[in-house]
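Q: could you look at this predicted model? Sequence included:
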Amino acid sequence: MEVIRLDNVSLARRTQEEFSYDLKKTLLSILEGKYRKPVKRQVLNQINLVVTEGEKVGIVGANGSGKSTLLKVICSILKPTTGQVRVRGKIAPLIELGAGFDPEISILDNIILYGVLLGCSEREMRRRTPEILDFAELEDYATVPVKALSSGMVARLGFAIATDVQPDILILDEVLSVGDESFRNKCKRRIDRFWQANATILLVSHDLHFLQASCERVIWLDQGKVRMIGDAIDVVQAYAESARVIPDDELELPSDLNNPASEEAIEENSDEAIEIFPDAELPIEEILIEEPVPTGELFIEIPETPIVWATHIFIANQENKVVDTVNFGDSFYIGLEYEVFQALQSLQIGLYLTDDSDKILLEPASVNWLATIGQINSIGKHKIYINIPAPLLKPGTYYIGGIGLHEKDKETQVIRTHQWLIKRLLSFVVTQAGSYIDEWFGQEVVHPILEWHIE
Amino acid sequence: MAVSFSRQRTLSEAQRYGDLLRVLVRRNLKVRYRGSFLGAYWSLLNPLIMTGVYTMIFGSVFATHYDNSILKYVLAAFTGLVVINFFTAATNQALVSVVGNGALLNKVLLPVSVFPMSAIAANGFQFVISSLPLLAVVTLLSSHNPLFLLALLIPVTALLMVCAGFGFLTSALYVFFRDLPYFYELFVFVLWISSPVFYPEDIVPNELKPFLALNPLFPIIASIRQIAVVGVLPSWHLLVGSLLSGMIILGLGWGCFQWWRSQFMDLL
């Protein structure tokens, strides 16, 4: 049985960057005779799609290709400009959890509010409240206002309510990674149950392996058009082969932070897509801290709407004690504590180690699979650290900085790349030990163990 | 006997609208009165203090226009203030309601009009439990006739309709023009000054009086005053005038809201 049918669906939307957003300017432009009708952009173009009951359909496409718009048309949040959409059954959106919560009122009230917003009756929600509290493991907090909960708890609550609604058609925009390990497993089991329960599922994800494994069909959207539709394995493969769409390749790290040109490049881009953390207004030079605090305590003021917020940078010795001097010959850890406030599609964190002249000696970046399994980019506090082996750094003063890249699906359907990059957050000293010094002439940068051989 | 359970889940649209309205109004009131034991009665504080201030400054000067009774001036100022305060609070909340819930409207299919409606309804509820009982007591004291309470309901209904109409209109306009609050503040001020709240109607020059009649709150305040303060049934043209302006404004607001509604989502 057909549950979703789209016939020749096209949608033109007004772009949001319009001067007529402003009454004063609109009136003036009418008086001056300069008023133009708002420009519309074709977001979806001649889409045909039939989904039958119980089918699992994935949607892939580059950023801004119309994936979320397509889901909104199916949910009938947006009306197509031309064409027809027919949907049979109850749709539950499971997009960005927690959007419907009011932080001021209690969890109990929020459960009912959220459930009613999602389409349940008030009476039904009252009946289901205990179950939801139980699943979210928040029974003891029922009368606490939501603002008192941690972000992980809020995500848990959102998931518990949204999946309790038992829809005929489930819409998943990005697979969830909420809460701690055990709760994630619980979520996974619940989603698996939907999978087996013959519910129709529409799924947007950047995780191509997951799409291949869990969907029967995949739609590839490209600039509002269906580029390809068919068997999941084939479409995902074709999509992956078109090189420019792999999201991580689009994020370009400035390769040399010393080079003023690359810093300028970042600033220029910040106008359109790249936001420099923590404060987009601030030119990047001003983030450079001349006198680093030895302990790396709270170094930047918290932004008003933080996305990722680095709170602490540290150096620790092998006993996990925070230190500011390291003996030459002892390996140590450098690390970063940070908090993720909003669901991110990907996050990559780098630490870099510079010497006195700001020359970068090491710039390790976190590996992508950490984001794929949701460890690095899930909402909540994280600590990430890396081992620096010894002997490597020659005695002297060094600085540590942080760099991060994250991707987040904005409501505008444009996925923006955000970058932050902070230099000289922390200084530390590698102290001299022993009389190793005559092994080196002194112009070199690193001191690994090298062995002379003679024949 | 076959009972289809799956069908029970689908709510009729009216039921869904009612449920939404109820939870949104409850949320609105809970947020507002969280932790304050006087609750809705705090909203009386503002008109009461303002009445005191006006009476101290203008009381003795304007008393001559109110049968030389300062008490009558107090009551007249209070009724005017209660009406204008309610109008300002309700429409200001309605104004931001659609844009404020834009993120939500982008994720879930909801009847958009429920947001301005809930702002008006929450304020209306507060009005009905705090100001209306006071007006009713005053009415009983001055008229000694319980039937006057029914007459009081006519201008109150008109007031709710005017507020709802402005609420729909401004919340829709605010989607397109984000600098609207600035202009609306000005508009409310003009409305406030042109409603005889703290001054007697008689002092307005005769040639300006027709303009006062354009103020939709004017017949409402005038009829509430006649019922509650003077203790007479208001002239029919005041009652008809207030109901008519209520219906016209509500119709206009609702019409514009529905007409522009299809363009909302592009801008939220």
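A: Great, that's in hand.
Q: so B:P47 makes contact with B:F86?
A: No. Taking contacts as C-beta atoms under 8 Å, B:P47 lies outside contact range of B:F86: 9.1 Å. (C-beta placed from N, C-alpha, C; glycine too.)
Q: and B:A77, how far from chain A?
A: 34 Å (C-beta to the nearest C-beta, to the nearest Å).
Q: contacts only, for that residue.
A: Contacts for B:A77 (C-beta atoms under 8 Å, 6 or more residues apart in numbering or on different chains) come out as B:50-51, B:54-55, B:197-198.
Q: ok, now with 6 Å
A: B:51, B:54, B:198 (C-beta atoms under 6 Å, 6 or more residues apart in numbering or on different chains).
Q: where does the residue of the stretch 201-350 of chain A found nearest chain B sit: helix, strand or coil?
A: Going by C-beta to the nearest C-beta, chain B is nearest to A:Q342 of the stretch 201-350 of chain A, at 11.9 Å. Assigned state for A:Q342: coil (three-state reduction, DSSP: H, G, I helix; E, B strand; the rest coil).
Q: just confirm A:G89 is within a strand.
A: No. A:G89 is assigned coil when assessed by three-state DSSP, not a strand.
Q: got a list of what it touches?
A: A:3, A:168-169.
Q: let me know the pLDDT of the closest residue to the residue of the stretch 201-350 of chain A closest to chain B other than its chain neighbours.
A: Using C-beta to C-beta, 6 or more residues apart in numbering or on different chains and skipping the chain neighbours, the partner closest in space to A:Q342 is A:I307 (5.3 Å). Here, the pLDDT recorded for A:I307 equals 70.
Q: what's the answer for the one 5 residues further on, then?
A: Looking at A:H312, its pLDDT stands at 74.
Q: before we move on, which element is it in?
A: strand A:308-316 (DSSP states H and E).
Q: where's the closest residue to A:D102 other than its chain neighbours, which helix or strand?
A: Sequence neighbours aside, B:R27 is the residue nearest to A:D102 in space, at 5.6 Å (criterion: C-beta to C-beta, 6+ apart). Under the criterion of DSSP H and E, B:R27 resides in helix B:13-33.
Q: how about residues contacting that helix?
A: Residues outside helix B:13-33 that contact it (C-beta under 6 Å, 6+ apart) are A:102, A:104-105, A:112-113, A:116, A:121-122, B:39, B:111, B:114, B:118, B:121-122.
Q: repeat that for stretch A:224-236.
A: Contact with stretch A:224-236 is made by A:42-45, A:47, A:66, A:208, A:211-212, A:215, A:218-220, A:238, as judged by C-beta under 6 Å, 6+ apart.
Q: end to end, how far does that stretch reach?
A: 17 Å (C-alpha to C-alpha, to the nearest Å).
Q: for that stretch, buried residues please.
A: By neighbour count on 16 or more other C-beta atoms under 10 Å in any protein chain shown, the buried set for stretch A:224-236 is A:224-229, A:232, A:235-236.
Q: before we move on, the earlier item: so for the helix holding B:R27, mean pLDDT?
A: The predicted model assigns helix B:13-33 a mean pLDDT of 88.
Q: what does stretch B:209-222 give?
A: The pLDDT scores in stretch B:209-222 average 86.
Q: hang on, the earlier thing: from the buried residues of stretch A:224-236, which ones fall inside strands?
A: Per DSSP state E, strands hold the following members of these: A:225-229.
Q: rewinding a little: of all the contacts of helix B:13-33, which two lie farthest apart?
A: Between any two of the contacts of helix B:13-33, the greatest separation by C-beta to C-beta is 28.7 Å, found for B:G39 and B:P111.
Q: what about residue 12, how many neighbours?
A: I'll assume chain A. 16 (other C-beta atoms under 10 Å in any protein chain shown).
Q: looking at chain B here, not the other one
A: 8.
Q: tell me the spacing between it and B:D19.
A: For B:S12, the distance to B:D19 equals 11 Å [C-beta to C-beta, to the nearest Å].
Q: what domains does the record give for chain A?
A: A:1-90+A:167-174+A:195-245, A:250-439 (automatic domain parsing).
Q: and the end-to-end length of stretch A:338-358?
A: Stretch A:338-358: ends 24 Å apart by C-alpha to C-alpha.
Q: how about it: buried residues?
A: For stretch A:338-358, using 16+ other C-beta under 10 Å, the buried residues are A:338-340, A:342-354.
Q: what do you get for stretch B:224-234?
A: B:224-231, B:233-234.
Q: same thing with stretch B:29-42?
A: Neighbour-count burial for stretch B:29-42 [16+ other C-beta under 10 Å]: B:29-30, B:32-33, B:40.
Q: tally of neighbours for the residue of the stretch 101-250 of chain B found nearest chain A?
A: When distances are taken as C-beta to the nearest C-beta, the stretch 101-250 of chain B reaches nearest to chain A at B:F177, 3.6 Å away. Per other C-beta under 10 Å, the neighbour tally for B:F177 reads 19.
Q: can you check B:T170 too?
A: Neighbour number of B:T170 under other C-beta under 10 Å is 26.
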